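Student: Take this sequence and fold it.
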Amino acid sequence: MRHKSTYIIVLLCLIFGNLVAYSQSDKQKELEAKRQKFQNELKQINALLFSDKKKEKSLVSLVEDLNTKVNVRRNLIKVTNDQANLLTREINANQNEITSLRNQLKELKESYADMVVKSYKNKSEQSRVMFLLSSDNFKQAYKRLQYIKQYANHQKEQGELIKVKTLKLQKLNTDLLRQKKDKDKLVLENRQVKKQLEIELKEQEELMASIRKNLNTYASQAKKKQQEINRIDREIDRLIRAAIAASNKKAGKSSSSKGFALTPEARALARNFESNKGKLPWPVQKGVVKVRYGKQPSPIDRTVSINSQGVKIATEKGTKVRAVFDGTVSEILAIPNANPVVMIRHGNYITVYKNMSKISVKKGDKVTTKQEIGEVSTNRSTGETMLGFGVYKDSKTQNPAIWVYKM
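Tutor: Below is the predicted model of the structure:
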């Protein structure tokens, strides 16, 4: 029984070791998925922001584009470093386990060899019979018979353990070679990415040097741009609050309520919208997030903060805008000196699409997921084609990145 317990414990240790290895493998898969995401994002940035067609862009737009690219490349370097460090830890753990397994195998083989020798010396049937017949009584003979069986079983278990550990050792050696190869590849790739980052940082510094010569002019332009954004956002906020008040008045509730009064159908639609959190399609087929949600420093003047109530997605000229979910067009804003804004309601959620042109829906229209609702407007002076996209729950803004798939 003692030998059987030992065998079970060793097997459990092997199983636990495999579970740890699988856990590390899962972490590698997670990091690799992130690395692939950043690599794809860089390809999109190069295609959408740095193609030959973008030569007519303004200096400010070029700085903003380069800043977006530099940030993604830094993220790529970080995640690649994390992968390489994890591989180093896995390699070290594998090397330690290989050393331990070799020592265990050596002891097992020596023990097994001793058993084989003893078995050979006592292998004849006559020896076993004599061993049993020389017993003083039946009880002793029974115990000796049990000992012979246990010894044979233990010998078999030792043989099986050697096979198991030998196979594990072979697998670990194979994994170790693969891990070292993967690490060498990552280190080489990261070296190349860092070189490219140095080139881009130098280019960024040259552009910023040109801007610093007329910083007041550019800072004034950035401030004016932010004021224009704030003006549009205030109008969106006003319309949402008005819609909430109207819905509550219609339902006979207090008009001071901060949330929509929902019909059963609207409540079901809102639940449906919520269940698709993180899975909503992009509002454009191809795009790169150039400005993220929340407060952040301006890439032109770091002392100035940008407060973004949504995201800004750079895309190609003539790109169609799509509804990200089923809903009803609640408003189409025509603000003086600004491009149209489309608002779509999904229960007590609202998605907002800014900087539109060629609107193909009207207020009150029912829309479905991925239905085209218009086109992104292209700025003639900057050469940018940029969609502003926001998500609201009642009157509160949400981070679109947590709603849209892989944003």
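
Student: for residue 146, what are its contacts?
Tutor: For residue 146, no contacting residues are found, by C-beta atoms under 8 Å, 6 or more residues apart in numbering. Where C-beta positions appear, they are placed from N, C-alpha and C, glycine not excepted.

Student: any idea how far whatever helix or strand it lives in is from the chain center?
Tutor: Using DSSP states H and E, residue 146 sits in helix 138-213. Distance, stretch centre to chain centre, for helix 138-213: 23 Å (C-alpha atoms, centre = their mean, to the nearest Å).

Student: so where do the strands sit in the chain?
Tutor: 288-291, 294-297, 305-308, 311-314, 320-322, 327-333, 341-346, 349-354, 356-357, 366-367, 372-376, 386-393, 396-398 (DSSP state E).

Student: Least confident of those strands, on average?
Tutor: Sorting the strands of the chain by mean pLDDT places strand 305-308 lowest, at a mean of 86.

Student: Which strands border that one, and is each parallel or antiparallel?
Tutor: Sheet pairing of strand 305-308 (DSSP bridges) gives strand 294-297 (antiparallel).

Student: Export the partner strand to PDB, keeping only CA atoms.
Tutor: Taking C-alpha atoms only, strand 294-297 is exported to PDB below (Å, rounded to 0.1, in the frame of the first residue of the first chain):
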ATOM      1  CA  GLY A 294     -11.500  60.600 -21.200                       C
ATOM      2  CA  LYS A 295      -9.100  63.400 -20.100                       C
ATOM      3  CA  GLN A 296      -5.700  63.300 -21.800                       C
ATOM      4  CA  PRO A 297      -2.900  65.800 -22.700                       C
END
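
Student: Give the buried residues for it.
Tutor: Neighbour counts over strand 294-297 (16 or more other C-beta atoms under 10 Å) mark no residue as buried.

Student: same check, this time on stretch 261-277
Tutor: 261-262, 266, 269-270, 273, 276.

Student: Make JSON lines out of the residues you listed and add distance to residue 335.
Tutor: As requested, the buried residues of stretch 261-277 are exported to JSON lines (distance: C-beta to C-beta, whole Å):
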{"residue": "261", "distance to residue 335": "27"}
{"residue": "262", "distance to residue 335": "28"}
{"residue": "266", "distance to residue 335": "27"}
{"residue": "269", "distance to residue 335": "27"}
{"residue": "270", "distance to residue 335": "27"}
{"residue": "273", "distance to residue 335": "26"}
{"residue": "276", "distance to residue 335": "30"}
